[in-house]
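*Asks:* turn this into a model:
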Amino acid sequence: MKNVLYIGNVLSNKGKTTTSIESLGARLGGFCNLKMASDKQNKVLRLFDMIRLVVTNRTWADYILIDTYSTTNFYYALVISQLARMFKIRYIPILHGGNLESRLKNSKKTSGIIFHNAYRLVSPSNFLKSVFENHGFNNVEYIPNTIELQNFEFKNRDIKTIKLLWLRSFSEIYNPKLAILVLEELINRGYAAKLTMVGPEIDGSMEASKVLAKAKNLKVNFTGKLSRKRWTNLAEGCNIFINTTNFDNMPVSIIEAMALGLPIVSTNVGGLSYLITHEKDGLLVPPNDVHSMCKAVIRLSESKNLKDSIVNNARKKVELYDWEVIKPKWKSLLS
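*Replies:* Numbers count the residues shown, from 1 in each chain. Next up, the predicted model:
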């Protein structure tokens, strides 16, 4: 078995959303020896904990996996990748976040230092794979985000009252206020509609969304962060999943919603058109467009044939993301 260090944010116990390092890490542990960092909430302490893990295991590790995002975590990737080079350990950045392209454009030298020297780059979406290849990186391997399909019971729901489900961290880039404005327009058009919003607070966006809902005199169910089991149980009572983000790559939340049989209405940004084929397994609308998203929701509620076709096609698609399908790709990469 290979020895693997996995660097990322292990913060679900601190009230944050479960990230790749926790979900993928648990699965990789089935066929490799795995050590992970970090669960420190303070960003500086987290970086030092990551450095400590690499330094103390420099002669043990065969590979280092690095969850790589476009914001603060980009600098974690920079530091850890250079440590890996110093100790001659093969490192593999896992590319997350639909806004990494801006890093390639605005931080060309730093990006080159991280990505050109990597053993491989792993992209969970063909969108980011194409972005990186267009910037001259030819060592990109597509390994999509994965779920364990057995944990998601498919149900094709009838839509009488529109019951919207929104599931993300409350962060400005995910534009949660749009969901509330969509609810308002549906009600103003005379439709019976409800909205449930699931996810932890990140940057004040949850509080701002609550203020907006109160100002609009709308009843919105804010649940905060829920475990997978709790939110999938909650999803039993919902019938349309809306994704309002302004930037994205390949969100697991959408794959999970597709597995459950929830028809998807999503903004067409980042890698989402690589995950959702418009009018085949979901509906795509322009970002930050209340009218278009509202219209798409109404289409699903009024056309049973369209809704049935979308949810059945989506379920077939997500079978390709089951862990038993994806596992051989990781085994081959880490062989």
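*Asks:* near residue 97, how many other residues are there?
*Replies:* Residues within reach of residue 97, counting by other C-beta atoms under 10 Å, total 22. C-beta: built from backbone N, CA, C; applies to glycine.
*Asks:* now do residue 305 against residue 175, distance only.
*Replies:* Residue 305 sits 30 Å away from residue 175, taking C-beta to C-beta, to the nearest Å as the criterion.
*Asks:* the more surrounded of the two?
*Replies:* Between residue 305 and residue 175, counted using other C-beta under 10 Å, the more crowded position is residue 175 (21 against 7).
*Asks:* residues in contact with the closest residue to the more buried one other than its chain neighbours?
*Replies:* Leaving aside its chain neighbours, residue 175 sits nearest to residue 244 (4.5 Å; criterion: C-beta to C-beta, 6 or more residues apart in numbering). Residue 244 makes contact with 166, 174, 175, 176, 178, 179, 182, 267, 293, according to C-beta atoms under 8 Å, 6 or more residues apart in numbering.
*Asks:* one more: residue 34?
*Replies:* Residue 34 sits next to 4, 5, 6, 25, 28 when contact means C-beta under 8 Å, 6+ apart.
*Asks:* between these, which is closest to residue 236?
*Replies:* Set against residue 236, the nearest of the contacts of residue 34 by C-beta to C-beta is residue 25 (28.7 Å).
*Asks:* what's the mean pLDDT across the helix or strand hosting that closest one?
*Replies:* With elements delineated by DSSP states H and E, residue 25 resides in helix 20-28, which encompasses its position. When the per-residue pLDDT values of helix 20-28 are averaged, the result is 89.
*Asks:* quick one: the spatially most central residue of the chain from residue 158, how far?
*Replies:* Nearest to the centroid of the C-alpha atoms of the chain, with distances taken as C-alpha atoms, centre = their mean, sits residue 251, at 2.8 Å. From residue 251 across to residue 158, the span is 26 Å (C-beta to C-beta).
*Asks:* what pLDDT does residue 71 get?
*Replies:* Residue 71 carries a pLDDT score of 81 in this model.
*Asks:* doesn't it fall inside a strand?
*Replies:* No: when classified by DSSP: H, G, I helix; E, B strand; the rest coil, residue 71 is found to be coil rather than part of a strand.
*Asks:* nearest residue to it other than its sequence neighbours?
*Replies:* The shortest distance from residue 71 to any residue other than its chain neighbours is 7.5 Å, reached at residue 97 (C-beta to C-beta, 6+ apart).
*Asks:* list the buried residues of stretch 61-74.
*Replies:* 61, 63, 64, 65, 66, 67, 68, 69, 70, 73, 74 (16 or more other C-beta atoms under 10 Å).
*Asks:* dump the residues you listed to TSV, plus secondary structure and distance to residue 324.
*Replies:* Compiled in TSV, these are given as follows (DSSP: H, G, I helix; E, B strand; the rest coil; distance: C-beta to C-beta, whole Å):
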residue	secondary structure	distance to residue 324
61	coil	27
63	strand	22
64	strand	26
65	strand	20
66	strand	25
67	strand	23
68	strand	26
69	coil	28
70	coil	31
73	helix	29
74	helix	32
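*Asks:* report the two of those residues separated the most.
*Replies:* Comparing the members of those, the greatest separation, given C-beta to C-beta, is between 61 and 70, at 25.6 Å.
*Asks:* can you give me the strands for the chain?
*Replies:* According to DSSP state E, the chain carries its strands in the segments 3-7, 33-37, 63-68, 90-95, 121-123, 140-142, 162-167, 193-198, 220-224, 240-243, 264-267, 283-285.
*Asks:* what's the burial count for residue 220?
*Replies:* For residue 220, the count of nearby residues is 20 (other C-beta under 10 Å).
*Asks:* how many neighbouring residues does the closest residue to it other than its chain neighbours have?
*Replies:* Leaving aside its chain neighbours, residue 220 sits nearest to residue 213 (4.4 Å; criterion: C-beta to C-beta, 6+ apart). Using other C-beta under 10 Å, the number of residues around residue 213 comes to 22.
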